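Q: sequence plus predicted model, see below.
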Amino acid sequence: MEEKISILEVNNVDLPGRRFNGYDLMNSVKEDNIDIKQKVIYKQSKNDKVKQLLLNYEQMQMLEKLEEFENHELSVHSNLSITSPALIRSQEYKDADIVHFHMFHNTKLSLISLLQICNEKKVVMSFHDPWSITGRCVHFGECTKWQTGCKNCENLNTLFEFSKDNCNIMWKLKKMIYEKINPDIVVSSKYMYNLVKQSPLTKHFTNVHIIPLGIDLNFFNDKIKKQEARKKFNISETDIVLFLRAQNALKGTGYVVEALKKLQSNKKITILTCDEKNRFDEVKNRYNIIDIGNMNDQELLYAYNACDIFLMPSIGETFGMMAIEAMACEKPVIIFNNTALPDVTFAPECGVLVENKNSDKLMEAIERLITNEEEREKRGKLGRKLCEEHYSIEKYNIRLINLYKDINKVKRLEQETLELSEPEYNTSESIKIKNQLNKFTITNFKKNSKEYNMLVYENIDSIEGQINYSDWNVQNIINEYNNKLYDVIAHKKTNNIFIQVKNAMALLIKDRSRLKNSIQYKFNQIFKKKD
C-alpha cells in the first residue's frame, strides 16, 4: 500500500484561477493516498477543504495596513506579513508533507519565512511570472537588469510599484534567502525554465520542472457554430472577425492598431475585443469595433468561435493561456517572436510567427490569413491536435500529482537553518528597521495599550536612511515583529459574514474580472442543482 501524501496548496484566492492554484486539482484527485487541502486569504467557495489564512476582522484589516505601509512607506514587498505566521501555525500546515505555493508574492508571505518552511516541509513553488527573479517587477520587458542586480530601475510604476528605488536591495534579499533553500520549482514553459536557469538568484536550484498549463478541451472547442456565436455579438456572418485581448501594457494592442491602419482589404472586418475598451478608436471609421470588456469563460468561448483569427502579439508572456484556448477552438493564432508564445504555440508550423514589434509584418500576416481560408483551417485543425496532445487539464493534473509522488519519495535534506529569535538589536540597520516598525505600531495601536506594549521597541536612537533589507539582523527583527503582530490579533473572535464581505470587496477593488467570474461560477452551480 502506497504511503499517504498530504499536500497543502497555498494561494491568495480559491475560485479565480482555480484550474492552476490547486482548487480544481483538489476536487478532481481520485487516489485514496493523496489528500489535498487549500489555504487562501480570500475564500469564495464553500468547500470545506479550503481554509482561510486570516479568520477575523482585525487580521484582514491588518493585512491591508501592512500592504499599504510596505508600498507607500518602505517600498518593499514580501517582508512584513501576518500570512506567514498564520500559515505556519495552522493545523493544515502542520499536517502537510508538501506545501505548494502559487504566486508567493500575491499571498503576502514574507521571504524570510521561506527558511523555516523549507526546513520543515518539502516545498513546491510555481513561478507563473518572473517576479521571483527580479527586484520588483512582474514583467521586465526588454530590461536585462534582473541578470545583474536590478540597479537603478528606470520604471517603478508598473505592477507592484515602488515610490523609492529599493529594487537592488530586494534583489539581494531574494538572493540571500534563495542561497539557503532548494525547493522544487514548477514553470509552465521553456521560456520560464530558461529564465530560472539564467538568473543569478535561482540558477543553483536543481529541481526545476516544466509542466505546461492545461485547459478543459471538452469546454474549449468548436462545437458552437460560428453563426450562433456571431449572433451573440450581433456580427454579420460574412465579416472577417479578428479577436484579441485589448491591453496596451503587455498585449501589443498598439501594434495591432498600427497594422490595421496599414491594412488594405476589400472585406468587411470586425474587431472583437475583451478587457480594455476604446483602444481602437483611431480605426473605428474603417472597421466594426465591438468592445466587450471583461469576459467570463462562457463569453470567451463564444468569442473564440465567432472569430476567424485570434491576435496575440504580446510584448511578454510566460505561457499564453488565451492562445491555447483559441487553438483548442481551431482558430489560427498570430504572435510576436518573443518570450513564451513561439514555443507554446509550436510556431511557425501552428502559430503564425511575426517579427517582434513589427506592425508592418503583423499587417502582412493578418492580410495573408484574411485572404487564405484554407490556411486558417489548416492551422486551426493543427492547433486543436496539439492541444489534445499537450494541453489538456487532465494531463496537467496527472503531471502535478506524479511530481508530488516523486518529491515524497525523496528524503528531504535538512536546510541550513538560521537563528531568527536573537537578532543584534543595536546595529545601525537594526535601529533603522526598528524605527520604521515603531512608526507602524504608533499609527495602528493605542499608546500604552497591551498590543502597543508588546510591539513597540523602546529606548532606541533615531537613525534614518535607506534600510538594507538583505541584512540578516533586519530580517531577524522583521520576522520577530511579524510573529508578535500576529500574536496580538490572532485571539480576536471570527466574524464570518464580515470576512465574506471583505473578500468580495477586496476582489471588487483589486480584480473585478475575478469577482465577476466567481459570481458567475456560483450562479452556474445553483442552476445545475436546480436542473
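A: Nice, thanks for sending it over.
Q: phi and psi next, for residue 271.
A: Main-chain dihedrals, residue 271, degrees, to the nearest 10: phi -100, psi 110.
Q: now the strands: where do they sit in the stretch 351-500 of the chain?
A: 352-354 (DSSP state E, counting those that start in this stretch).
Q: check the stretch 51-200 of the chain too.
A: 98-102, 122-126, 184-187.
Q: dump these to a markdown table, plus distance to residue 319 and mean pLDDT.
A: C-betas here are computed from N, CA, C, even on glycine. Below are those laid out as a markdown table (distance: least, C-beta to C-beta, whole Å; pLDDT from 0 to 100):
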| stretch | distance to residue 319 | mean pLDDT |
| --- | --- | --- |
| strand 98-102 | 14 | 97 |
| strand 122-126 | 11 | 97 |
| strand 184-187 | 9 | 98 |
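Q: so which of those comes closest to residue 446?
A: With C-beta to C-beta as the criterion, residue 446 lies closest to strand 98-102 of the strands of the stretch 51-200 of the chain, at 35.3 Å.
Q: so what touches that closest one?
A: Applying C-beta atoms under 8 Å, 6 or more residues apart in numbering, the external contacts of strand 98-102 come out as 5-11, 17, 20-22, 93, 107, 109, 117, 121-126, 128, 404, 407-408.
Q: cutoff 6 Å now
A: 7-11, 21, 121-126, 404 (C-beta atoms under 6 Å, 6 or more residues apart in numbering).
Q: which ones are touching residue 427?
A: Contacts of residue 427 by C-beta under 6 Å, 6+ apart are residue 473.
Q: hmm, 10 Å instead?
A: The contact partners of residue 427, by C-beta atoms under 10 Å, 6 or more residues apart in numbering, come to 433, 463, 471-474, 477.
Q: any of those residues buried? List them.
A: Neighbour-count burial (16 or more other C-beta atoms under 10 Å) is assigned, among the contacts of residue 427, to 433, 471-474, 477.
Q: tell me where the stretch 51-200 of the chain has helices.
A: 57-69, 83-88, 91-95, 113-120, 167-178, 190-198 (DSSP state H, counting those that start in this stretch).
Q: could those go into TSV alongside distance to residue 384, mean pLDDT and mean neighbour count?
A: Output for these, formatted as TSV (distance: least, C-beta to C-beta, whole Å; pLDDT from 0 to 100; neighbours: other C-beta atoms under 10 Å):
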stretch	distance to residue 384	mean pLDDT	mean neighbour count
helix 57-69	43	94	18
helix 83-88	41	98	22
helix 91-95	40	98	14
helix 113-120	41	96	20
helix 167-178	40	97	21
helix 190-198	22	97	18
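Q: turn the ones you listed into JSON lines, including distance to residue 395.
A: Below are the helices of the stretch 51-200 of the chain laid out as JSON lines (distance: least, C-beta to C-beta, whole Å):
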{"stretch": "helix 57-69", "distance to residue 395": "36"}
{"stretch": "helix 83-88", "distance to residue 395": "30"}
{"stretch": "helix 91-95", "distance to residue 395": "28"}
{"stretch": "helix 113-120", "distance to residue 395": "28"}
{"stretch": "helix 167-178", "distance to residue 395": "30"}
{"stretch": "helix 190-198", "distance to residue 395": "17"}
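Q: so which of those helices is nearest residue 135?
A: helix 167-178 (3.2 Å).
Q: any stretches of this protein with poor pLDDT?
A: 1, 412-421, 492-531 (pLDDT under 70).
Q: that older thread, tell me which of the helices of the stretch 51-200 of the chain sits nearest to residue 423.
A: So among those, helix 113-120 is nearest, using C-beta to C-beta, at 13.8 Å.
Q: packing partners for the closest one?
A: On a contact count with 3 or more C-beta pairs under 10 Å, 6 or more residues apart in numbering; DSSP states H and E, helix 113-120 meets helix 83-88, helix 91-95, strand 98-102, strand 122-126, helix 167-178, helix 472-490.
Q: adding distance to residue 36, write these out as a markdown table.
A: Listed next are the helices and strands packed on helix 113-120 as a markdown table, based on distance: least, C-beta to C-beta, whole Å:
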| stretch | distance to residue 36 |
| --- | --- |
| helix 83-88 | 16 |
| helix 91-95 | 11 |
| strand 98-102 | 9 |
| strand 122-126 | 12 |
| helix 167-178 | 26 |
| helix 472-490 | 26 |
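Q: alright, calling it a day.
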